Structures are given as C-alpha cells and as structure tokens.
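**Q** 3D, please:
(2 chains)
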Number of protein chains: 2
Amino acid sequence: MKINIPETGQSRIVIVGGGFAGLALARKMAKSGSQVVLIDKNNYHQFQPLFYQVAMAGLEPSSIVFPFRKLFHKHRNVFFRMAEVTGIAPEKNRIHTSLGICNYDQLVIATGADTNFFGNEEMARLAIPMKSVSEALFLRNTVLDHYEKALSTVDYDARQGYMDIVIVGGGPTGVEVAGAIAEMRKYVLPKDYPELNCEEIDIYLVQGADQLLKGMSEAASRKALDFLTGMGVKVKLSARVTDYDGEYVKINDGTTIRSKKVIWAAGITCPTLPGMPEESKTYGGRLKVDRFSKVAGTGNIYALGDIAYMEEEAWPKGHPQVAQVAIQQANHLAGNLKRAAKDQTLKPFVYKDLGSMATVGRNRAVVDLPRIRFQGAFAWLVWLFVHLFAILGAKNKLFIFLNWVWNYVTYDQSLRLIIRPRMPLREVGKKTE
Amino acid sequence: MKINIPETGQSRIVIVGGGFAGLALARKMAKSGSQVVLIDKNNYHQFQPLFYQVAMAGLEPSSIVFPFRKLFHKHRNVFFRMAEVTGIAPEKNRIHTSLGICNYDQLVIATGADTNFFGNEEMARLAIPMKSVSEALFLRNTVLDHYEKALSTVDYDARQGYMDIVIVGGGPTGVEVAGAIAEMRKYVLPKDYPELNCEEIDIYLVQGADQLLKGMSEAASRKALDFLTGMGVKVKLSARVTDYDGEYVKINDGTTIRSKKVIWAAGITCPTLPGMPEESKTYGGRLKVDRFSKVAGTGNIYALGDIAYMEEEAWPKGHPQVAQVAIQQANHLAGNLKRAAKDQTLKPFVYKDLGSMATVGRNRAVVDLPRIRFQGAFAWLVWLFVHLFAILGAKNKLFIFLNWVWNYVTYDQSLRLIIRPRMPLREVGKKTE
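**A** All right, here's what the predicted structure looks like:
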C-alpha cells in the first residue's frame, strides 16, 4: 500500500519526527517550493523541557504541546501524517510507515532519543520514564494514586513503599523532578493529606557521576546540590541502582529503599530504523553525519538533533544531545537545501553554544551562559522567561504564564487530577466504569 | 478488611458520590460536628454541563473538574476516599468498598446516573457515551484520530465511515455536541484538513421524541431545531437507531448511515447498589425517597440527586434528573440533619424550578426561565455566565473564561491533541512507544 499524499511533480522532502529539529526544518522548508511531508507518531509537537511540570501537576499537557496541523494552516505544500515509520529502503528512496510506503527525494531523520535502560529489562518494565508527555501524565497519575493508597495502608513499611520516591539520573530532568517533588512535599501534600505524615516522604536522587548536571559548570552543579539538599532531597552521588523488583530498590552503596516509584531519567538512546547502512551506525543508536548533516554512506538522507552524531573541531566527540543543537542543525540544513537548489556552495555546520540552565524550584535555578554564570532567584526568572518565549503559540505562552503566576502566588499546583481517557467495556445496565 | 479512617467517637455520615448532590452536602456538613466521609471513584468533582466542550477540544478536562482534597483543606472532619462502593449492608450499618468495610451512622447515596443503552449490548460496546470527563476525552481522541485516518482512506465509502458522525439523543448533551461538531466542520476542520472535503462530513442527530430538548418549552425546542438545521445538522425526529455493528447505523425510518462514530446521549439509568431493600427500588434504577430524602424501607439511608425518586404535589412523577434538583436536595438534607441534631422539626423538600437552558453554538442558545423565555445571542451570553459562575474554583473560572474568549475571537478550539497517559511496555533498547 502506498501512503495517500498527492504526487505534485515537486521534489519531496520527507521529515521523520516533529521534535525541535524536524519541526524547525519543516517550517523553514514550508515555502521552499519542495513538497514537505512531516511524519510523527503523535499529532502534536512536544516541548520536552517542561515535561516535569506536567508530571508534577503544575501544567496541563495541552499547554506544552502544539498540534502540527495548526502550524501549517497556511502552507499547502506541507503534508502532515500521523504514522509510525517502520523501516527505510535507501536504494529505492522510500520509507515504510504504518500508513504505507512513502517515496522521497530527500529524507531527514529527526526521530530523537528515547529512554536508555542500559539493557536492564526489569527496569525497563518497572521504572517510569519521562521522555513524552504521555509518560509524564502517567507519572502524575501514579504519584497521586500512590498517595491515595498510602492513606489506606496501615503497615508502616508498606506505606513507605507508596510514599517514597527514587529518581535515577542527576541531569536536568532528574534535578527538576526531585526539586518539584520536594516542593509538593512541603507546600501541597500536607494540606491534601493531613492524615499522612509528609515528613515520612523520602526523596532520593541517585546519580552515577560524582556531580549533578554533568554538562554544566562546577559552580552550577555544586549549587544545584546545595539547593536540593536544602530542600531535603537525599542525593546519592557516584551511586548506581543495581536492582529493582517493583518494591525494593537496591543501590550499589549497600542501601535498599522500599519504593513503588522509580523515575528513570538516567540516559537516552536512539531507536534504530531498520535499513540504514551499517557504516552510518555509531554508539547510542546515533547516525554518523558529515558537517552537512548527511548520513554516512547515503546520498540523500540527513539526520538532525539527538540522533545525529557530527564531529567538528570544537566538538571532537560530537555535540550534546540538547534542543539548541537540534534547532541550529535544522536551520542550517534548511539553508543548505536552499543553496543546493540554487547550485550555490554549501556551508559546513558550526555549533554556537548559547549556554544551558536548569531549575530546582521556586527562586532556585542555575544558569551557565558563555560569559557569565549565576544561580538563585534571578537565574530562576531567566529560566522562566527563556522557556516561556521558546514555547510555540501565543495561547500556550499566555496559559503557562498564568499558571506559573497562579502557582507562585498560591504555593499550589492545582492540577492534581487522575484522569484517564477511556471507553469502559460495559455490561449492559450495570455500572462498570 | 476495614477502611482506614480514624474512629473519633463522632457520629459518622458516609456520602457515596461527589457529584453536585454529594459535594454540596459534604460542604454543608463539613462543620456540623459529625465526621463526614466522602467516597468517590475519582479524586475529583466533575462539572457535567461542560463535558461536551472537553469532547470538542474547546476546554481542558482540568478546567471543569476539581480535586476533592483541595476543597477540604481546612476541614479536618471531612475524610475523602477514592474507592468503589460494591454493596450495602443496611442491617449492619456498613458499606463494602474497594478499600474495605466502612461503618456509618447515616448513609447518603448520591451516585448519580450512568448511560442507558436500553439493553442493547452491541450499542453499549460500540457507541461512545458522554457521562464522564474520561469518556469525553475518549471521544475527543476518537474524533481526531478518525480525521487522521480519513486522510489515508482513498475509498469514498470507507472514508465516509471515518468522517460522518451520528449522535443519538436530542437532549441538551446531544444538541450541544451536534452544534459543536457543526462549528468544527465550518471553522476548524477545513483549515486542519485542507486535503479533505469537509462538506462531505454529515452530522446526524437522531431523536426518539418528536421534538428536541423534551423538558424545555416548545419555543426553545423549535428554535434549537432551527439553529441546528441552519448549521447543516441533519436532525431526525421520532426516529430510533435499531442496529449498529461498528460500521453501519440503521435507523427505523429505513436509512442506513456508514459511520464509525455513534455518540450515545439517549438516556440515563442509575447503577444499582446491591443490598438496598426491595421496596426502595423503582424504574430507571432509582431509589424511592420520602420528602425528607429518606430511602423507603430504611431508617438512616438517604438518596439525593439523579438516583433519588421523590414525588411531591407539583411533581407527581418525580423531579427531572438535573443538577438543580441535586443541589437543592443536598442543601435541604443538610438543613434537616442539623435540625434533627437539635431535635427540631424536619421540613419537607420543595423543589424550586429555576428554569433550564441549552446552547447550540456561537451566539445561539435557548433559555427558559420561570417567567420569561428567550433564544439567540443574549441567551448564549446568559448560558455562558451561568455556567461560568456555577463552576468551582477561581482558577477554573479564569481559565474557562480565557479559553472561551480565545475560542470566540479566533474561531478555533486549540486543544486538538490526541494525548493518552501511558507507560508503554518496552522492549529493552528498542523504541516501542
């Protein structure tokens, strides 16, 4: 079966994945004269940096995602398809999708990264990842559900299993989740659950390296540790989770923690697409690309963002897998594709590091800019505004801003709802829902 | 096992169901000196009148529901439990719940009504109901998913199956959903799906009676019909769906419609709780109560709202199953319970009909007040403000108001997202989500 997209005689660029890279490229190419096909398994773009706020009931999913179709209302050259890509046949210039075969003249792979459980199958089955807004919602539902269950659990040890939380991974996601839970424990949970002793809630952050926020400056990682420790988070550095059975977490320093919730933010890996040439494959599921984002061993396939592995002089081990790289690579590739169409000389990609930041809680963030580093309340304000302006859509900006103001003033994340879309299987005449 | 709620020596009122009736009663009794136990299967109160806006991507679920725990922050006498009630043992003054046995001194049943499929098992399995926010979200996801699928469906007839919509039931919910879909067809879908011919979308509203909005005035039901017809909805009066197999809808006027979506808003029935005395049971799963809301054949069990069947002089066939009755009964019962505690004479319930209203779309609503009836733009404004002020919580009010202004100005429901909370079963190292 062939995918149902009009053959217009234009050259066709197929972009797989609508994250930061894929979306930026699709927007730049919308008026290029080529036909642009954007394929994603969801019908919306997700703003990853705020997943943790969805998980912690501070924002609604709808505030941090944006429907693709709405973005391309005015661009009749852009065709969005909600589909899974199952394989690539480079020799035939076609991909296989859940909607059928799709031919391309140029293919751009921007499928991003998924959670890496480092081969631990138990962990993959039992720990909760945070790499999609669906997973963030699942985490929110689980956390709330567990505090409801804790109320009905008389046995002290069993109750700890519902109350304690273990977060694995001390990157920005792990730090942000740990900080957000610590704030819920302080401001929200004692009011919601006066019957529970919220001081019994232990929050563990387990980090393999000897510092938090590995990619940032030492000042930033030290300050993040200070902030978290001050908020009562038990940070374990140079520690690894060795075993988890859904009930007990074992750590290689000898500790055993009873917890029904392990949040896994310890690493990423890129899902492989069957059909790519062997010589393009490198560690972490990434695809080797040249300075023009072209995948090794191919003539018309490009890779962008987390899945692309590109070496440049300043980055001999490849770029960090962050949004900035993805967006800059996409914009750069768009420029090169337009240059190629005009037979102009292509330019090699050069990454411009704009810095990085992470937030720990109210008035607590760390910011590393190229020339200056700062932490605390001002850093937190900078973090808020950078993220507010980065997110797509005026309505999203407005609603996130209002939510933040509301939460800041009331010390309350108000979205503590366990909602699951469902069509229950019913027995007729009986209430089964 | 016993439910884990402190025995304080106070008299205990157990309220089952936190809809309009149960919640109103719990709030009134919060400072009564009795221990109040509120049991609901969700951790939030749902504002039913706006379900259809959630289903049609105009509002977020979080805007129209409210977490119970937040409401009772300051009331240490109120204990909320998220649980299912499975049965009642009146002779022992206890109920059975998914969290264990719960004793009561007084029991209040306010479990409301669920969808009535009139014994049609196929319909119960295949049609989409609209009696919870979870079901409304399911409908939203289904509608959006079907338009994505329609794009890839080349065969004309099969594509109609994804595009056409049949709504069964011409009460407020059916009329509101039909109007909202007609507006999406006009303003939103042509922009989102320029590849589809949105004029091919047929919207059918099938009503068993010979008029829409049966409980309202003839002027209102005539005007609602005018509005819908003007918006291109195909209204079939005095018609019944006789058969549905998931693909073809058969109607008793001989029509067959190909549609993968049948929205069922044709009737309600009350789920029965095992253990209630036989003499209390009446049609539609309702429980007979006296003018003091006491269930027939019991001494300390009350029923409120949709599930209560009470006859008074002006309402010889019982009250309509609407929010106003539920709220008034709850407030009245709270008064009587307080009177009983002071050994004062109880007062019989008298329903005060405040009127009813329904909305069809932008600037189109119908309002019946006791002394005056009106339809159109002003009615629509009245509808908006009555619902805005009825909903719980300042934040919900603000966010709904902003959403409505936004949608009104932009002609756009912006929440067209297919989001499902999920923790995918993963194979290690492969992308399965």
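**Q** Which strand or helix spans whatever residue of the stretch 251-400 of chain A ends up closest to chain B?
**A** Residue of the stretch 251-400 of chain A nearest chain B, by C-beta to the nearest C-beta: A:P271 (2.8 Å). (C-beta placed from N, C-alpha, C; glycine too.) Here A:P271 sits in a region with no helix or strand, counting by DSSP states H and E.
**Q** Next: A:H45.
**A** Using DSSP H and E, A:H45 sits in strand A:44-46.
**Q** Do that strand and chain B come into contact?
**A** Yes. Applying C-beta under 8 Å from any C-beta of the partner chain, one finds strand A:44-46 touching chain B at A:Y44.
**Q** Quick check: can you name the pairing partners of that strand and their directions?
**A** Here strand A:44-46 is paired, per DSSP bridges, with strand A:65-67 (antiparallel).
**Q** any idea which helix or strand comes after the partner strand?
**A** Beyond strand A:65-67 in the direction of the C-terminus, DSSP H and E gives the next helix or strand as helix A:68-71.
**Q** Just name whatever secondary elements that next one is in contact with.
**A** Here helix A:68-71 touches helix A:20-29, strand A:44-46, helix B:189-192, going by 3 or more C-beta pairs under 8 Å, 6 or more residues apart in numbering or on different chains; DSSP states H and E.
**Q** need the residues of the stretch 201-350 of chain A near chain B, please.
**A** A:T269, A:P271, A:T272.
**Q** Give me the domain ranges for chain A.
**A** A:12-113+A:270-341, A:121-267 (automatic domain parsing).
**Q** If you average the pLDDT over the first one, what comes out?
**A** I take that to be domain A:12-113+A:270-341. Mean pLDDT, computed over domain A:12-113+A:270-341, is 95.
**Q** Over to the shortest one?
**A** Along domain A:121-267, the predicted local confidence has a mean pLDDT of 94.
**Q** end-to-end on it?
**A** Counting by C-alpha to C-alpha, to the nearest Å, you get 15 Å between the two ends of domain A:121-267.
**Q** Same check on the first one?
**A** Between the start and the finish of domain A:12-113+A:270-341 there is a gap of 13 Å, counting by C-alpha to C-alpha.
**Q** ranges for the helices of chain A?
**A** A:20-29, A:51-55, A:61-64, A:68-71, A:121-126, A:133-151, A:156-163, A:172-183, A:189-192, A:218-230, A:323-341, A:377-390, A:394-410 (DSSP state H).
**Q** Going along the chain, name the strands of the stretch 151-300 of chain A.
**A** Under the criterion DSSP state E, counting those that start in this stretch, the stretch 151-300 of chain A contains strands at A:165-168, A:203-206, A:234-236, A:241-244, A:248-251, A:256-258, A:262-264, A:268-269, A:287-288.
**Q** Adding distance to A:G174 as columns, could you present these in JSON lines?
**A** JSON lines is the format used below for these (distance: least, C-beta to C-beta, whole Å):
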{"stretch": "strand A:165-168", "distance to A:G174": "5"}
{"stretch": "strand A:203-206", "distance to A:G174": "6"}
{"stretch": "strand A:234-236", "distance to A:G174": "10"}
{"stretch": "strand A:241-244", "distance to A:G174": "12"}
{"stretch": "strand A:248-251", "distance to A:G174": "15"}
{"stretch": "strand A:256-258", "distance to A:G174": "16"}
{"stretch": "strand A:262-264", "distance to A:G174": "8"}
{"stretch": "strand A:268-269", "distance to A:G174": "12"}
{"stretch": "strand A:287-288", "distance to A:G174": "27"}
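**Q** In stretch A:104-115, which of the residues would be classed as buried?
**A** Within stretch A:104-115, the residues that count as buried by 16 or more other C-beta atoms under 10 Å in any protein chain shown are A:Y104, A:Q106, A:L107, A:V108, A:I109, A:A110, A:T111, A:G112, A:A113, A:D114, A:T115.
**Q** Need the max-distance pair from the residues you listed.
**A** Spanning the widest gap among these are A:Q106 and A:T115, at 29.6 Å by C-beta to C-beta.
**Q** returning to that earlier point: and the strands of the stretch 151-300 of chain A as CSV, adding mean neighbour count?
**A** Output for those, formatted as CSV (neighbours: other C-beta atoms under 10 Å in any protein chain shown):
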stretch, mean neighbour count
strand A:165-168, 26
strand A:203-206, 25
strand A:234-236, 19
strand A:241-244, 18
strand A:248-251, 18
strand A:256-258, 16
strand A:262-264, 25
strand A:268-269, 20
strand A:287-288, 23
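**Q** so which of those strands comes closest to B:K317?
**A** Of the strands of the stretch 151-300 of chain A, nearest to B:K317 by C-beta to C-beta is strand A:165-168, at 54.4 Å.
**Q** just to revisit the earlier point, what degree of burial does the residue of the stretch 251-400 of chain A closest to chain B show, as a neighbour count?
**A** The number of residues packed around A:P271, counting by other C-beta atoms under 10 Å in any protein chain shown, is 16.
**Q** What does it show for phi and psi?
**A** Main-chain dihedrals, A:P271, degrees, to the nearest 10: phi -60, psi 140.
**Q** Please report the distance of it from A:V16.
**A** Separation of A:P271 from A:V16 (C-beta to C-beta, to the nearest Å): 11 Å.
**Q** Common neighbours of those two, please.
**A** Taking C-beta atoms under 8 Å, 6 or more residues apart in numbering or on different chains as the contact rule, A:P271 and A:V16 both touch A:T111.
**Q** Contact partners for A:A379?
**A** A:M357, A:A365, A:V366, A:V367.
**Q** what does A:S259 give?
**A** Shown in contact with A:S259 (C-beta under 8 Å, 6+ apart): A:Q160, A:G161, A:D164, A:I165, A:V166, A:Y204, A:E247, A:Y248, A:V249.
**Q** show me what contacts the second one?
**A** When contacts are counted by C-beta under 8 Å, 6+ apart, A:G161 touches A:E247, A:R258, A:S259, A:K260.
**Q** cool, the third one as well?
**A** Residues touching A:D164, when contacts are defined by C-beta under 8 Å, 6+ apart, comprise A:I201, A:D202, A:I203, A:Y204, A:I257, A:R258, A:S259, A:K261.
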